[in-house]
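Could you work out the structure for the sequence below:
(chains A, B and C)
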Amino acid sequence: MRSFAYAGMATARGFATLAVTLAGLLLVTFVVGRVMPIDPVVAAVGDKASPETYANAREALGLDQPVWVQFGRYIKGVAQGDLGQSSLSSRPVSEDIARVFPATVELSTLGILIGILAGVPLGVYAAHRRNRWPDQIIRSVSLLGYSTPVFWLGLIGLLIFYAQLGWSGGPGRIDTAYRYSIDEWSGLMVVDTLRSGDWDAFRSALSHIALPGLLLGYFSLAYIARMTRGFMIEELSKEYVTTARIKGASEADVLWRHALPNVLVPVITVIALAYAQLLEGTVLTETVFAWPGLGLYITNSLFSADMPAVLGGTLVVGVCFVLLNKISEILYPLLDPRTRSR
Amino acid sequence: MIATSTAPLPANVGSPLEPSSRAQARLVQIARAIRRAARNPSTLAGSIIVLALVLMAILAPLLATHDPVAQDLSARLTPPSAAHWLGTDQLGRDLYSRLLYGAQPTLLIVVLVVSLSAPFGVAVGLLAGYFGGWIEVVLMRLTDIVMAFPRLILALALVAVLQPGLINAVIAIAITAWPPYARLARAETLALRHSEFVEAARGLGMPSGKIITGQILPLCLSSAAIRATLDMAGIILTAAGLGFLGLGAQPPMAEWGAMIAAGRDHIFDAWWVAAVPGLAIVLVSLGFNLLGDGLRDVLDPKHHD
Amino acid sequence: MKPMCLMLAASALALMASATTLEAKSPPNVLVVAKNIDDIVSLDPAQAYEFTSGEIVANIYDRLVEYNPTDIEKIAPGLAESWTVSDDGKTFAFKLRQGAKFASGNPVRPEDVVFSLRRVVTLNKAPAFILTQFGWKPDNVEQMIKKISDTEVALTIPETFAPSFVLNALASRPGSIVDEKEALKNVKDNDLGNAWLSRNSAGSGPFKLRIWRPSEAVVLDANKDAFKGAPKMNQVVFNHVAEPSTQRLMIESGDADIARNLGPDQIAAVKDKGGIKVETYPQAALHFFSLNLKHDKLKNPAIWEATKYLIDYDGIANTLLKGQMKVHQTFWPEGFPGSVNENPYKLDVAKAKDILVKGNVSSGLTIDMDMISSPPFTEIGQSIQATMGQAGIKVNLIPGTSAQVITKYRARQHEGMLLYWAPDFMDPHSNAKAFAYNVDNADGSPQSTTTWRNSWLIPDLSAKTRAALVERDPAKRLDMYRELQRAVLKESPWAMTFQAQAQVALRGEVNGFVHGPTNDLVVYRDVTKN
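Numbering: from 1, shown residues only, chains lettered A, B, ... in the order given. Predicted structure coming up:
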């Protein structure tokens, strides 16, 4: 019970820090946007617009106001759930983000699932066979993941699996043939095609997400396996493990029933961090795979000085970052066997 | 305390196992660490790769077979051959020579970013951890804010503000790279703040500045050094990412990230243009990762056998 | 442990294998175009001002007069079946085609024409200047643009221009005719339907807009009621693919029917592949390297002349860009009436050095060159950097995004600029104004012209440009433009370098694709796949 009360308090404090952090995030992004040597008006009206057209657009974007007024307006809007209007596509930013975010969630979730399902067992196993050849192999695989530029591996992957072997679908989320016949229910292409019952469409969606998903999965696997190994090694050196072994517990029991539950908390923290990193890591992956998600949206908007869009996108990623951190913090007392048992 | 660290080294005082001065103790520690490191194959491999990188950077003018920026449009995108060991790029420049020269900016970026971000981050963490109170709240909130940023996106935005270029890329990456050091240093400081020797020093009236620099800082250094080594791979990858998005080093400078960016349009016909610098990045990042990993095994007491 | 690993590996393989049997290609009645479409700001013809939006608007809307994309010398009837010009050259009367309908089913009426043209002037968005240069203003359009009968409209211009100039401008994008009833149904905040039309369509052309998702896709559905006949394809899908190498993969695998943004090396690679054909279309866009005379160090004309000898025109066009550009050194592109096709400058380092010495240019000159950080600019820029270096001029490249580069260019903060220019409408005045007209060099009167942007003040040439604009004898007018081109070729503080050529890869079964010299003249109506 006490742990729940603690969690409640932590949540309340968490929201306060969350608000401060997000306000700071917005301020920094806003300032960066204002001092950037790109004129958003030009991005919106084009290079050859007449001076009057230019002035009209500038006014419409609110850029004729002092910076602090612009920021005040923006914050007020955000507080009311309005992220402003994209200066490039003249659509509400929230609408744009609602459209692109599911694609990113779908891709990074697949990545993290692969990372967890393969990374945790590999990490445990590596700790078990510490310094033997399985550990060395897992370590090399994971170090290689740490050391490879994701966009480069993506290109090579496309070359081999799409261009040469034809095993994987090409860039984009689904073949054009199915693209506009699928009812967008969740925004997650794999889910929507499954729901529609169109097996060809489902397979097409799978074939498109497989390569970038496995790629991101590899990167999160590298991180999760390595960290899990570290936690497990520390845990396995503790006395209770020795005691358990002396009492005749099987090695599998020692690993999975004694040691692993005790490192679950840091592992979950690592998973949350890895997930947050994947959300960001999609920036380059989405570029290579033409995946119409949030990363691509932010990058494109940045290059055309569409600051409302960049701010909105960064805010969403920032919120995810902070929330994932908070979730792991809140889970901490709930999952930690030491606090739980007391 | 018999000798301070500035005193001349007393030779042959005591046995090597029972060091009688702190300086000597430290030396012995370092010697042991080096011996352990040399026995650790990954540290060894990492050191060799990093050393090779340094040598490449220094000796590039001697080892190169061509001028790295000399163009020859008639020999563009030629595959590896006797004349061009690693082939040529889309402007007919010799890739082997560009690869060698590319070690220079890579090393420069890594060294500059680490020497900008690590001291700053450690200082923030020390101050926050030692003083606590509102100083800690303000500093750690700042750290959280920067941490909450998607790193690559912030770096992108900063480069866009500062104009693309090598030094600006360094600044942008450094600004996003310091928070982990701050968190690390704060955590260590918190653990040390109430330790006996710090309490004792405070009891003796030692000023805070001296306690921080003399007592706490040295104990934070090894973890910061490990973190920095491991960070270097990440820095190389971030710089390459900036180059890939067209915001990295300026042409005609041979920089590996920019070289991949230039090669991506040709990857299916002239794979070597992107593959060569890509492999170089993988290898060098791997070198730093191996070294950092090994160093952690050697230096981090928690990982001692 | 081991079974677990095996299971994971197996499921990963299964995931990949599920794709192997898949052979879904683009469906027979849908045309899939792989293209970079992230330049679209709006699909409202009164606002559309980018390459891609121009192309899409052109396939959705009709204009009073139109070009034949394969013979741009002649203006052809569009929604107007005929027209007359008054003796003073100030009034143009258009008789509308009978029976033309919008995609909504509404007939095309004179009211729609009046509404559409007035709307462009009133909204005053990016392309409005093409019509307002006639002297139309929000407060005089009521008099200038009128319905005169149930089948006729009359357009009046306050001063006399060459009639061909007026018709050329009306054939451009802002001359598109919008369905007034549909637009007015969707007005928000007095915007004449601008917000709605930005992402919906109300035209009479061969296609109607189904979906536009920024940086993702544009989908056009056939308009079966188009007066020139229904298009053969039910649907045209523009898939946003930014990477040329990815576009290449898609055309090779048949995932795309047409790839629009392939680089020279991708073109070379797919050219000889079975099932793919490559077609080359000369474009109106011109590339140049200009020097900004706001900087004292660049004011010496010897530098301008030397620069023209320090570019490896042939090497860049033939070896580096393999035919995606051809050498062109005057300001009006080849293939257009009145163009001068003379290219006197070649790479000649010795001559350039000689010019620099005779012109007392001190050694150690450095020039910062801004350019867009993507091919072909990066390639051209690095080549120019190398050849300029051979004559002792150090060029620092400053790559940026196009928004960044243009922001700097507008503010005249650049030293050297590597950029391109595309005419806004197909009349030589569009380019003469940009390259041979500048009477006010003040910072306070910004112009989008290349002359103003590079601070080149030219009262004499400007007077000649003005005279050509109002010359009513067509042959004499073209001669005047030829004279202007030769003068600018010799005197300008920029080196005009190349004319773009669009190289498009198409699947072998795609026929009837028409790509005129500008994106406004890319026509999908007659495309078939069999």
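
Show me how the record splits the chain into domains.
Since no chain was named, I'll use chain A. A:2-79, A:101-341 (automatic domain parsing).

try again with chain C
C:1-41+C:209-275+C:508-530, C:61-204, C:282-502.

Spell out which parts of chain C neighbour chain B.
Residues of chain C lying near chain B by C-beta under 8 Å from any C-beta of the partner chain: C:243-245, C:248-249, C:263, C:265-266, C:268-269, C:312, C:315-316, C:319-320, C:373-375, C:378-379, C:381-383, C:385-386, C:396-401, C:404. C-beta: built from backbone N, CA, C; applies to glycine.

Would you mind checking the residues you listed for buried ones?
C:243-245, C:248-249, C:263, C:265-266, C:268-269, C:312, C:315-316, C:319-320, C:373-375, C:378-379, C:381-383, C:385-386, C:397-401, C:404 (16 or more other C-beta atoms under 10 Å in any protein chain shown).

between the domains of chain A, which gets the lowest average pLDDT?
With a mean of 75, domain A:2-79 has the lowest mean pLDDT of those.

contacts with chain A among the buried ones among the residues of chain C next to chain B, please.
Checking these against chain A (C-beta under 8 Å from any C-beta), the matches are C:E243, C:S245, C:L249, C:T401, C:Q404.

Closest one of those to C:A256?
Among these, C:L249 lies closest to C:A256 (C-beta to C-beta), at 9.0 Å.

which residues sit in contact with the closest one?
Residues near C:L249 by C-beta atoms under 8 Å, 6 or more residues apart in numbering or on different chains: A:L158, A:Y162, A:A163, A:G170, A:P171, B:F268, C:D255.

The same query, at a cut-off of 10 Å, please.
A:158-159, A:162-163, A:170-171, B:268, C:34, C:241, C:243, C:255-256, C:259, C:266, C:270 (C-beta atoms under 10 Å, 6 or more residues apart in numbering or on different chains).

so of the residues you listed, which ones are in strands?
Among the contacts of C:L249, the ones falling in strands (DSSP state E) are C:A34, C:A259.

who in the stretch 201-305 of chain B is up against chain C?
Residues of the stretch 201-305 of chain B lying near chain C by C-beta under 10 Å from any C-beta of the partner chain: B:245-253, B:258, B:261-270, B:273-274.

Using PyMOL, define a selection of the buried residues within these.
Selection of buried members from these for PyMOL, criterion 16+ other C-beta under 10 Å:
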select buried, chain B and resi 245+246+247+248+249+250+251+252+253+258+261+262+263+264+265+266+267+268+270+273+274
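
Give me the three-state assignment for the closest residue to chain C within chain B.
Of all residues in chain B, B:G246 sits closest to chain C, at 3.9 Å by C-beta to the nearest C-beta. Recorded secondary structure, B:G246: coil (DSSP: H, G, I helix; E, B strand; the rest coil).

Hmm, A:V283 is touching B:A157, no?
No - if you go by C-beta atoms under 10 Å, A:V283 and B:A157 don't touch, sitting 11.9 Å apart.

what sits in contact with each of these two?
Common neighbours of A:V283 and B:A157 (C-beta under 10 Å, 6+ apart) are A:I298, B:P150.

ok so, going back, right, so of the domains of chain A, which gets closest to C:L347?
Across the domains of chain A, closest to C:L347 is domain A:2-79 (C-beta to C-beta), at 30.0 Å.

any idea which element the closest residue in space to A:G84 that isn't next to it in sequence lies in?
Residue nearest to A:G84 in three dimensions, not counting chain neighbours: A:P308, with 3.7 Å by C-beta to C-beta, 6 or more residues apart in numbering or on different chains. Using DSSP states H and E, A:P308 falls within helix A:307-335.

now that helix, how far from the centre of its chain.
Between the centre of helix A:307-335 and the centre of its chain there are 10 Å (C-alpha atoms, centre = their mean, to the nearest Å).

Stretch C:473-485 now?
23 Å.

if we can go back for a sec, what about the buried ones among the residues of chain C next to chain B, which are in helices?
C:244-245, C:248-249, C:265-266, C:268-269, C:378-379, C:381-383, C:385-386, C:404 (DSSP state H).

so how many other residues sit close to the residue in the stretch 101-250 of chain A positioned nearest to chain C?
Nearest to chain C in the stretch 101-250 of chain A, going by C-beta to the nearest C-beta, is A:S207, at a distance of 2.9 Å. Per other C-beta atoms under 10 Å in any protein chain shown, the neighbour tally for A:S207 reads 27.

Stretch A:112-120 near chain C at all?
Yes - looking at stretch A:112-120 against chain C by C-beta under 10 Å from any C-beta, the contacts come from A:I114, A:L117, A:A118, A:V120.

Looks to me like the last one is in a helix.
Yes - according to three-state DSSP, A:V120 belongs to a helix.

That one and C:N396, how far apart?
51 Å (C-beta to C-beta, to the nearest Å).

packing partners for the longest helix along chain B?
When chain B is scanned for its longest helix (criterion: DSSP H), the result is helix B:95-131. Contacts defined by 3 or more C-beta pairs under 10 Å, 6 or more residues apart in numbering or on different chains; DSSP states H and E place helix B:95-131 against helix B:41-63, helix B:133-148, helix B:166-177, helix B:179-193, helix B:208-210, helix B:217-244, helix B:256-263, helix B:271-299.

what would the ones you listed look like in TSV with distance to B:Y96?
Formatted as TSV, the helices and strands packed on helix B:95-131 follow (distance: least, C-beta to C-beta, whole Å):
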stretch	distance to B:Y96
helix B:41-63	9
helix B:133-148	40
helix B:166-177	22
helix B:179-193	36
helix B:208-210	52
helix B:217-244	19
helix B:256-263	12
helix B:271-299	8
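
Which parts of the stretch 1-150 of chain C are strands?
C:30-35, C:65-68, C:71-77, C:80-85, C:91-96, C:145-149 (DSSP state E, counting those that start in this stretch).

Relative to the whole chain's centre, how far out is the last one?
Read it as strand C:145-149. The answer for strand C:145-149 is 31 Å, by C-alpha atoms, centre = their mean.

ok and whatever helix or strand comes next after it relative to strand C:91-96, angle-wise?
Counting by DSSP H and E, the element after strand C:145-149 in chain order, helix or strand, is strand C:152-156. On the basis of axes from the mean of the first three to the mean of the last three C-alpha atoms, to 10 degrees, strand C:152-156 is oriented at 160 degrees to strand C:91-96.
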